[in-house]
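Student: Task: produce atomic coordinates for the following.
(2 chains)
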Amino acid sequence: KAGVTQTPRYLIKTRGQQVTLSCSPISGHRSVSWYQQTPGQGLQFLFEYFSETQRNKGNFPGRFSGRQFSNSRSEMNVSTLELGDSALYLCASSLTGGSNYGYTFGSGTRLTVV
Amino acid sequence: TQLLEQSPQFLSIQEGENLTVYCNSSSVFSSLQWYRQEPGEGPVLLVTVVTGGEVKKLKRLTFQFGDARKDSSLHITAAQPGDTGLYLCARKGSSNTGKLIFGQGTTLQVKP
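Tutor: Presented below is the predicted three-dimensional model:
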């Protein structure tokens, strides 16, 4: 079965712009979580969506937002980009998000803000 | 904050050597996951340990969950260049969500 697909793989944006990243989970998975990975902070949880509802949110400013569609595909948006937003953005999908098992990550979107 | 501390942060060894990576917390957790991440890719789940004292083996990799469920270790026997990567431990943020809290990771380089 197809894995988790993230698009685009690479993105270069200018400070002040906004960006939208997309994540298509494994078919049948209803939970999608987003993470930011940087060399200094490691992997940090952004938010989780389950059945089109945000179920959990990490400690990030309001410039970071997301949504989930009825087919479980998810998007995250970052507005007013800052240099510090440069990172690898990863999404992970799972059946329900409550299990100890079955977290599958996508290959990520590498965002560079210049 | 229920942090996970991994050690060492970096490890560079020769092919054939053995190594152990540690993941520790001051809090008890219900389960722990280990991931391996290669450059430019997302983390790939290696194993989940759930029961205190549990030992799981995946070929040359041995994972152990501490009796008190506050720590875990990953031991690699006869490391190979293909084992090179970032090893991450992670615990669930709460019982009924998909939130994972990750350790800082251990970067392993295995030289041929």
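Student: going forward, measure contacts between C-alpha atoms and count neighbours the same way
Tutor: Fine.
Student: Surely A:Leu88 is in contact with A:Gln36?
Tutor: Yes: here A:Leu88 reaches A:Gln36: they are 6.0 Å apart, a contact under C-alpha atoms under 8 Å.
Student: Give me the neighbour count for B:Phe65.
Tutor: 23 (other C-alpha atoms under 10 Å in any protein chain shown).
Student: which non-adjacent residue is nearest it?
Tutor: Leaving aside its sequence neighbours, B:Phe65 sits nearest to B:Ser72 (C-alpha to C-alpha, 6 or more residues apart in numbering or on different chains; 4.5 Å).
Student: Could you do B:Tyr87 as well?
Tutor: That would be B:Arg36: by C-alpha to C-alpha, 6+ apart, it lies 4.6 Å from B:Tyr87.
Student: ok, now A:Asn77?
Tutor: Closest residue in space to A:Asn77, ignoring its immediate chain neighbours: A:Thr20 at 4.4 Å, by C-alpha to C-alpha, 6+ apart.
Student: since we're on B:Cys89, how many residues are nearby?
Tutor: Per other C-alpha under 10 Å, the neighbour tally for B:Cys89 reads 30.
Student: Once you drop chain neighbours, what's closest to it?
Tutor: Using C-alpha to C-alpha, 6+ apart, the nearest residue to B:Cys89 is B:Trp34, at 4.5 Å.
Student: Test my guess that the one you found contacts B:Lys92.
Tutor: No: B:Trp34 is not in contact with B:Lys92 according to C-alpha under 8 Å; the separation is 11.8 Å.
Student: What lies in contact with stretch B:3-20?
Tutor: Here stretch B:3-20 makes contact (C-alpha atoms under 8 Å, 6 or more residues apart in numbering or on different chains) with B:21-26, B:73-81, B:89-90, B:101-112.
Student: For chain B, what lies in contact range of chain A?
Tutor: Selection of chain B residues close to chain A by C-alpha under 8 Å from any C-alpha of the partner chain yields B:31, B:40-45, B:48, B:92, B:95-105.
Student: rerun that using 6 Å as the cut-off
Tutor: Counting by C-alpha under 6 Å from any C-alpha of the partner chain, the residues of chain B close to chain A are B:Glu41, B:Gly42, B:Asn96, B:Thr97, B:Gly98, B:Gln104.
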